[in-house]
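1. return a 3D structure for these sequence lines:
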Amino acid sequence: MFFFNIVGEEILWRGYLQRRLSARNGWLICACLWWMFHLPFGLDLMIMLLPVTIIVPYVFHKTQSTLACVFIHGMYNGPLFIAIALGVMA
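-> Numbers count the residues shown, from 1 in each chain. Just a heads-up that it's a prediction; the model follows:
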């Protein structure tokens, strides 16, 4: 789950979509789309995701590094995935 969710999302959102958006404000469009992609998870998660959905596209805009985005996304989602895998959270 960790690999496919995080790496898959970053390949789709940064590696494919954001690369094709305009260079000047494409990161902001991608941030809004990525945030809306998470709408089915509920309002509480949407509020919690707001910082990372802005930071990750901006980092990609500045560095053009999908790997940096995978690292940030992994640091944000990783602890949650580990807690679920260990049965700490349901």
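
2. separation between the closest residue in space to Leu39 that isn't next to it in sequence and Leu28?
-> The shortest distance from Leu39 to any non-neighbouring residue, by C-beta to C-beta, 6 or more residues apart in numbering, is to Met46 (6.7 Å). The way it works is simple: take the backbone N, C-alpha and C, and place the C-beta from them, glycine included. Using C-beta to C-beta, to the nearest Å, one gets 17 Å for the distance from Met46 to Leu28.

3. just Trp13 next, same as before
-> 13 Å.

4. more crowded one of these two?
-> Taking other C-beta atoms under 10 Å, Trp13 and Leu28 do not tie; Trp13 has more neighbours (23 against 15).

5. tell me the contacts of the more buried one?
-> Contacts for Trp13 (C-beta atoms under 8 Å, 6 or more residues apart in numbering) come out as Cys30, Leu33, Trp34, Pro57.

6. how is it assigned, secondary-structure-wise?
-> For Trp13, the secondary-structure state derived from DSSP: H, G, I helix; E, B strand; the rest coil is helix.

7. verify the stated contact: Met89 with Ile82.
-> No: at 9.5 Å, Met89 and Ile82 do not qualify as touching, with contact defined as C-beta atoms under 8 Å.

8. picking that back up, which residues are in contact with both of Trp13 and Leu28?
-> With C-beta under 8 Å, 6+ apart, Trp13 and Leu28 have common neighbours Pro57.
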